[in-house]
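Undergrad: Show me how the following folds:
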Amino acid sequence: MAKYLLLKHYRGAPAGVNDVPLEEWTPDEFDAHMQYMRDFMKRLEGTGEFVGADALAPTGEWVRYDGPGRPPVTDGPFAETKDLIAGWMIIDVDSHERALELAGELSAAPGKDGRPIHEWLELRPFLADEAPAVTE
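TA: Here you go, the predicted structure:
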């Protein structure tokens with residue numbers, strides 16, 4: 001089994017086919033999108049491929065260590081950045097091909113007018129599951 005992270009972006013990814021901003025969706029369209037996501041996760045729970053998921057707020061801040069005895073340094077909010085993460089899902093699958101299949105299916109969640117949004121999802125393997133590159 002290999003773990004993959006599926007990242008949904010508020011912006012920063014290539015535009016989807018049904019690329020209508022969320023604020024232009026009706027409450028029913030939003031609810032249908034969220035139900036699709038819940039149904040998808042429930043199905044993956046049944047197959048043992050679901051690890052976890054959550055949505056993220058569009059705000060946050062950068063934090064870094066600034067030396068012994070000093071408070072952390074912060075910078076933010078960073079809403080002007082080009083790449084805001086909307087949410088994430090972790091799957092544990094038998095193959096890269098299965099991860100691609102599931103990411104493609106999740107990309108078809110309904111959006112405006114109930115049409116699939118065909119959004120781009122970022123698919124990233126966990127480092128522990130990747131063999132390190134060896135160069136000579």
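Undergrad: What residues of the longest helix along the chain count as buried?
TA: Determined from DSSP state H, the single longest helix within the chain is helix 27-47. Residues of helix 27-47 classed as buried: 29, 32-33, 36-37, 40-41, 44 (neighbour count, 16 or more other C-beta atoms under 10 Å). (Each C-beta comes from the backbone N, C-alpha and C, glycine too.)
Undergrad: Same list (these) but as JSON lines, adding distance to residue 72 and pLDDT.
TA: Below are the buried residues of helix 27-47 laid out as JSON lines (distance: C-beta to C-beta, whole Å; pLDDT from 0 to 100):
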{"residue": "29", "distance to residue 72": "40", "pLDDT": "95"}
{"residue": "32", "distance to residue 72": "41", "pLDDT": "96"}
{"residue": "33", "distance to residue 72": "36", "pLDDT": "93"}
{"residue": "36", "distance to residue 72": "38", "pLDDT": "95"}
{"residue": "37", "distance to residue 72": "33", "pLDDT": "94"}
{"residue": "40", "distance to residue 72": "37", "pLDDT": "96"}
{"residue": "41", "distance to residue 72": "34", "pLDDT": "96"}
{"residue": "44", "distance to residue 72": "36", "pLDDT": "97"}
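Undergrad: residue contacts, residue 55?
TA: 86-87 (C-beta atoms under 8 Å, 6 or more residues apart in numbering).
Undergrad: What spatial separation is found between it and residue 85?
TA: 10 Å (C-beta to C-beta, to the nearest Å).
Undergrad: Likewise for residue 8?
TA: 7 Å.
Undergrad: Please say which of the two ends up with more neighbours.
TA: residue 8 (21 against 16; other C-beta atoms under 10 Å).
Undergrad: burial measure for the closest residue to residue 120 other than its chain neighbours, as a count.
TA: Spatially, and ignoring its direct neighbours in sequence, residue 120 is nearest to residue 13 (4.2 Å; C-beta to C-beta, 6 or more residues apart in numbering). Using other C-beta under 10 Å, residue 13 has 15 neighbouring residues.
Undergrad: pLDDT value on residue 13, please?
TA: As predicted, residue 13 sits at a pLDDT of 70.
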